[in-house]
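In: Take a look and give me a structure for this.
(one chain, ligands or ions: 1)
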Amino acid sequence: MNPKHEYSDKLWREADRLLAGGVNSPVRAFRGVGGTPFFTQRAKGSRLWDVDGNEYIDYVGSWGPMILGHAHPKVIRAVQEAARDGTSFGTPNPREVRLAQLVSEAFPSIEKVRFVNSGTEAVMSAIRLARGFTKRDKILKFEGCYHGHSDSLLVKAGSGAATFDVPDSAGVPADVARNTLTLPLNDLGALDQVPWREVACAIIEPIPANMGLIPLKDGFLPKLRKLTADNGALLILDEVISGFRVARGGAQELFSIRADLTTLGKIIGGGLPVGAFGGRADIMDMLAPTGPVYQAGTLSGNPLAMAAGIATLEELKDYAKLERLTASLCSEWQKIVPGTHKRIGSLFCTFFTDRDVVDYASAKTSDTKKYAKFFHGMLEHGVYLAPSQFEVGFMSLAHTEADIEATLRAARESL
Ligand code: KE4
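Out: Sure thing, here's the model as predicted:
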């Protein structure tokens, strides 16, 4: 037993006995890279410490929320202050109004918003709302994009153009899957084959970051925007990762495009469970209690999660610094690490393949065994990357040039 992981290994045996798969979310189990996960004791700034005292420079940041770095004093203080006054009321509270102001100020397309407790819940609710608003059942998604684990979105891509799909997870009824059409990403021609008049909405990550990072081709999003608008279908931009990440107003600000509905999560909760969906007022007014589309949640808008989100968004300003830090890492990284490199803002990814990567199929040409070896090499050198080739790296405002130097040194040694 490696002494550096004694307590993690002990915890893992107990976790594996009591928790399904030993984890509360599959990617954490290290199945994508082999070995067993470390258990985090505490985190601060750009660092994680595991229960055996090992320290890591963290480029996962809890999968996106920790853009200010871990345990930012203003966020911690805001949560402590809120907790002193109670953890949940089940009534309207002032903090949910404040966070709604911050979200709608950043996203002009979000005229009204509703908070929920995860990105999955945000997407699931937005899909139901789109179906209720358009009175259509079919939805369109893109191969390799991930929108949380609600049934309609766990649907495998058929090959080639729009097909009636088969479930990508056990437990999803064929009756549900048949209403989800899946297209290959970045295939502009395929967009013309969709039976648009039957489609309630198209949902896409405007910056696909769940199969590694795969930027959309020029013209793809504008074409999707036009086709949905021309055919009475709604465009849902899933900005759970990109919202407040790539710009204050997310990909919609970056690409000057307006969604009909937007889903958010991660950063807006500052590490506490928050998701949100919002958009045109005429659509949002279809939601209970004003309209016929039901949606609800005991802990939606709870004061602690709102407090963490407010403190995070009020502190999050210096996108220029985020850009500088990520450019500094990636410009050198690309010279050291062989592969196909992608970066948008503070999101970055290296595919361990010599092919260009433009969609899920080409992403899958990556050598996941090589990635796994690199991942463990980096971990041994004190750098925690995503435990899967098909995720991305997240820079935070707490990372320093010293962190970047240490990371590049670790990469040289690991390779
Ligand atoms: P959550 O339900 O995990 O809060 O959000 C689902 C979701 C929705 N939309 C996008 C674009 C997302 O990236 C996610 C969740 N992202 C993954 C990481 N790639 C969460 C990590 C995990 O599943 O543990």
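In: Residues of the stretch 251-400 of the chain that sit close to the ligand?
Out: Residues of the stretch 251-400 of the chain found near the ligand (Cβ under 6 Å from any ligand atom) are 265, 275, 391. Bear in mind the C-beta positions are built from the backbone N, C-alpha and C, glycine included.
In: With respect to pLDDT, which of those ranks lowest?
Out: The lowest pLDDT within these belongs to residue 391, which sits at 95.
In: how about that residue, what does it touch?
Out: 27, 60, 63, 209, 210, 212, 349 (Cβ atoms under 8 Å, 6 or more residues apart in numbering).
In: run the last query once more with 7 Å
Out: By Cβ atoms under 7 Å, 6 or more residues apart in numbering, the contact set of residue 391 is residue 27.
In: Make sure it is indeed in a strand.
Out: No. Residue 391 is assigned coil when assessed by DSSP: H, G, I helix; E, B strand; the rest coil, not a strand.
In: Neighbours of the residue in the stretch 51-200 of the chain that the ligand sits nearest to, how many?
Out: The ligand sits closest to residue 119 of the stretch 51-200 of the chain, with a gap of 2.4 Å, by Cβ to the nearest ligand atom. Neighbours of residue 119 under the rule other Cβ atoms under 10 Å: 30.
In: Would you quantify the distance from it to residue 193?
Out: Separation of residue 119 from residue 193 (Cβ to Cβ, to the nearest Å): 29 Å.
In: my guess is residue 285 meets residue 292, correct?
Out: No. Counting by Cβ atoms under 7 Å, residue 285 sits too far from residue 292 to count as a contact (10.5 Å).
In: More neighbours: which of those two?
Out: residue 285 (13 against 9).
In: could you redo the residues of the stretch 251-400 of the chain next to the ligand as TSV and give each row distance to residue 35?
Out: Output for those, formatted as TSV (distance: Cβ to Cβ, whole Å):
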residue	distance to residue 35
265	28
275	31
391	16
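In: coming back round to it: pLDDT score assigned to the residue of the stretch 51-200 of the chain closest to the ligand?
Out: 97.
In: The residue lying closest to it once chain neighbours are set aside: what's it in contact with?
Out: Excluding its sequence neighbours, the residue lying closest to residue 119 (Cβ to Cβ, 6 or more residues apart in numbering) is residue 265, at 3.3 Å. Taking Cβ under 7 Å, 6+ apart, we find residue 265 in contact with 118, 119, 122, 240, 274, 275.
In: repeat that with 10 Å
Out: Shown in contact with residue 265 (Cβ atoms under 10 Å, 6 or more residues apart in numbering): 63-65, 116-123, 148, 238-241, 243, 273-277.
In: and residue 410, that's in a helix?
Out: Yes. Counting by three-state DSSP, residue 410 is part of a helix.
In: what about the closest residue to it other than its chain neighbours, distance to the ligand?
Out: In space, and not counting its chain neighbours, residue 410 is closest to residue 381: 3.5 Å by Cβ to Cβ, 6+ apart. Distance, residue 381 to the ligand, using Cβ to the nearest ligand atom, to the nearest Å: 24 Å.
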